[in-house]
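Novice: Any chance you can model this:
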Amino acid sequence: MLRSRFFIAIFIAFFISTGTDAWGVFISTKHNLSATGPGPIKAVGMTEMCVFCHTPHNANPSGPIWNRQDPGTTYDPFTSASLQAVVGQPDGTSRLCLSCHDGTIALGSVLNLPGSNASGSLQLDDSNSGKLTAQGKFASSTSGFTSFIGLNLTNDHPVSFVYDSALATADGELQDPTASLYVGIGSTFLFPLDSNGKLQCTTCHEPHSTNYPKFLRGPITQVAETATEGTDAIICLNCHTKKDFSTGTFDWIGSAHQASTVADEVYATGNYMGKSDTMAVWQDACLACHDTHTVEGGRRLLREATDDTNRPKQGGNPASEETCFLCHTDSTNTVLDTLNNQVPDINSEFASTYHMPITTLDQVDSTTEAHDIKNSDMEEITTESYTETLGVPNLDVDKRHVECSDCHNPHRVIKNSIYNGSGFDTQATHLHDSNNQSHSNLASGVFTGSWGVDPDYLSANWETWPTNIVYNKKGTPDGVSPVDKEYEVCLKCHSSYAYGDTPPSPDSTGGSTPSGTNDLIQYTDQAKEFNPANGGYHPVLAPTNKNLTTRGITVGSPFLYPWSGPTNGE
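Specialist: Alright, predicted model coming up:
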């Protein structure tokens, strides 16, 4: 007992020396597993608090005087096609955290019991032999609403990897930890890496603090929408640098999903994601669509991104579109307040009889989600639906599919705007109503930051098409300019850029359109069909220069409302 009191005295002295009320804070956290602790799991009779994690003698490892054994387990680490970091088995403090959070060892199983030299278990007041299980209103062993991480880390933020300047350069969207005021090696940084320069659980979590929810070291919501790092930025932005639209990089800060003037919808009362009904989407920021410990089966830390039908989801297979459908759905299923739900209902559009093959079941290879991007421009790996090399189409029709991010970059969309070639106009395209009947082929703001292709018709030859046709890539680092025409997004799939010499039949690419529907037995090369060199074509890529006068129409107009005719040569 004397040793235990001495141990407590050491920790009290440590907390006082920090100049904070850390001891008082820790007492009120769920990590206080003593009999007086506030959490759902607590000890029976044991009033000492630190003993569940720390011991002054015979610790393993000695660094944090750790009082728990190594789980000795092998985990399935996070992986992704766009991941530059080398992620292996958890080590360092992350492995210490997992000694509780993987659920394999009882929380009361310690190396040294108070007042003795023996190892053993502290009795806990629960019904699962003291092991951590799913806790809370929405929790299950496979949902993202639980502190029970388990052995499957594929749906959890990667840890135990070296985070250095080389990684930041390779990724292109990470803070350089040697230049950041907030991320770096040692406890002097707000978000510290370990002594080996590795990002660990403790980079984001401070296990003794309640300054922010979930023991986080920074805000879980956005308190200043222009802050890209620091104490006013959402915690994610201290590592993940998302550039400002004002710099011309067409990125997150200022986009429709981030700006308070656009993403002002608030969450519905009692929404199943557990979001506050006083918080707007812009404040939720990254965490509106991502969850660092997401549902098992989800990819890229996307929130609720599986095909499971439960709410909240309880595992399932990857289904990226389900993240978008949290908000972009009807008033019955949305997580947003229906009185302020101004987002388009896209989910219902895909419930139509004929629709693009957005779900895995709609696609030919219906066992796995084919969509797998490789970078922030939403380009995909080479085995997917279109080529990465100009003039060398990918003919793997079994991988053809469509996903939301094939057409839209969710980090870069701009509401009610068009890109005019040099900047943004605050006017949407295709607003056909009594007050605005103008329209054009300029790409609207929802395509901002996407990528596409623009056919070079000067190189085209009807005799050898598509062998010699050149497609100029648009909207990516290796492209010549941003996407500024709507057709550029469409033609990266609906042309010989994707098809090659032989377009596939409708039923060879999945979806709900069987071959022969409306006598269509083979897709057509629409880059060829809309070629402005054709004798006749709809004005998709270029104006026809045939107004009513050139058509010989001098009285009235054959166009139905809201169309007024090609008065400007279109």
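Novice: May I have the residues that are in contact with E463?
Specialist: Listed by CB atoms under 8 Å, 6 or more residues apart in numbering, E463 has no contact partners. C-beta: built from backbone N, CA, C; applies to glycine.
Novice: same question, A166
Specialist: Contacts of A166 by CB under 8 Å, 6+ apart: none found.
Novice: Which helix or strand contains it?
Specialist: helix 165-171 (DSSP states H and E).
Novice: continuing past that helix, what's the next helix or strand?
Specialist: Next element after helix 165-171 (DSSP H and E): strand 183-185.
Novice: Distance from the chain centre to whichever helix or strand comes after that next one, please.
Specialist: Heading C-terminal from strand 183-185, the first helix or strand you meet, by DSSP H and E, is strand 191-193. Distance of strand 191-193 from its chain centroid, counting by CA atoms, centre = their mean, to the nearest Å, is 23 Å.
Novice: Paired strands for the helix or strand just after strand 191-193, with orientation please.
Specialist: Of the helices and strands lying after strand 191-193 in sequence (DSSP H and E), the nearest is strand 198-199. Applying DSSP bridges to the sheet, strand 198-199 is found paired with strand 161-162 (antiparallel).
Novice: Could you give the number of residues near the closest residue to T169 other than its chain neighbours?
Specialist: Nearest residue to T169, sequence neighbours excluded (CB to CB, 6 or more residues apart in numbering): D176, at 7.8 Å. Other residues within reach of D176, judged by other CB atoms under 10 Å, total 16.
Novice: where does D176 fall, phi/psi-wise?
Specialist: Torsion angles at D176 (phi, psi; degrees, to the nearest 10) stand at phi -80, psi 110.
Novice: wait, what's in contact with it?
Specialist: Here D176 is in contact with 165, 168-169 (CB under 8 Å, 6+ apart).
Novice: Helices of the stretch 1-150 of the chain, start to end?
Specialist: 2-17, 22-27, 92-101 (DSSP state H, counting those that start in this stretch).
Novice: State the mean pLDDT of the shortest one.
Specialist: To tie it back to what came earlier, the one meant is helix 22-27. Per-residue pLDDT over helix 22-27 has a mean of 68.
Novice: before we move on, back to that, any idea of the mean pLDDT for the helix holding A166?
Specialist: 95.
Novice: Poorly predicted segments of the stretch 101-250 of the chain, please.
Specialist: 115-121, 125-129, 135-138, 244-250 (pLDDT under 70).
Novice: go again using 90 as the cut-off
Specialist: Residues of the stretch 101-250 of the chain meeting the criterion pLDDT under 90: 103, 105-148, 172-173, 187, 209-211, 213, 222-233, 241-250.
Novice: Could you tell me how far L520 is located from T513?
Specialist: Spatial separation of L520 from T513 under the definition CB to CB, to the nearest Å is 8 Å.
Novice: Identify the contacts common to those two.
Specialist: With CB under 8 Å, 6+ apart as the test, L520 and T513 both reach P506.
Novice: Between the two, which is the more surrounded one?
Specialist: T513 (18 against 13).
Novice: okay, the more buried one: pLDDT?
Specialist: 73.
Novice: Now for the closest residue in space to it that isn't next to it in sequence: which residues touch it?
Specialist: Excluding its sequence neighbours, the residue lying closest to T513 (CB to CB, 6+ apart) is P506, at 4.5 Å. Contacts for P506 (CB under 8 Å, 6+ apart) come out as 513-515, 517, 520-521, 523.
Novice: again, but for N534
Specialist: With CB under 8 Å, 6+ apart, N534 has no contacts at all.
Novice: and if you look at A179?
Specialist: S165.
Novice: Equivalent analysis for T231, please.
Specialist: T231 neighbours (CB under 8 Å, 6+ apart): 190, 218-219.
Novice: E229 too?
Specialist: Taking CB under 8 Å, 6+ apart, one finds 175, 180-182, 237-238, 241 in contact with E229.
Novice: Which residue, other than its chain neighbours, is closest to it?
Specialist: N238 (4.9 Å).
Novice: quick one: secondary structure of N518?
Specialist: helix (DSSP: H, G, I helix; E, B strand; the rest coil).
Novice: Tell me how far it lies from F530.
Specialist: 19 Å.
Novice: what about the two, which has more around it?
Specialist: F530 (21 against 8).
Novice: List the contacts of the more buried one.
Specialist: Counted by CB under 8 Å, 6+ apart, F530 has contacts 487, 537-538, 540-541.
Novice: Just among these, which is most surrounded?
Specialist: Y487 (22 neighbours).
Novice: give the contact list for that one.
Specialist: By CB under 8 Å, 6+ apart, the neighbours of Y487 are 441, 452, 530, 540-541.
Novice: Tell me the pLDDT of the closest residue to Q258 other than its chain neighbours.
Specialist: Excluding the flanking residues, the one nearest Q258 by CB to CB, 6+ apart is W252, at 5.5 Å. Per-residue confidence (pLDDT) for W252: 86.
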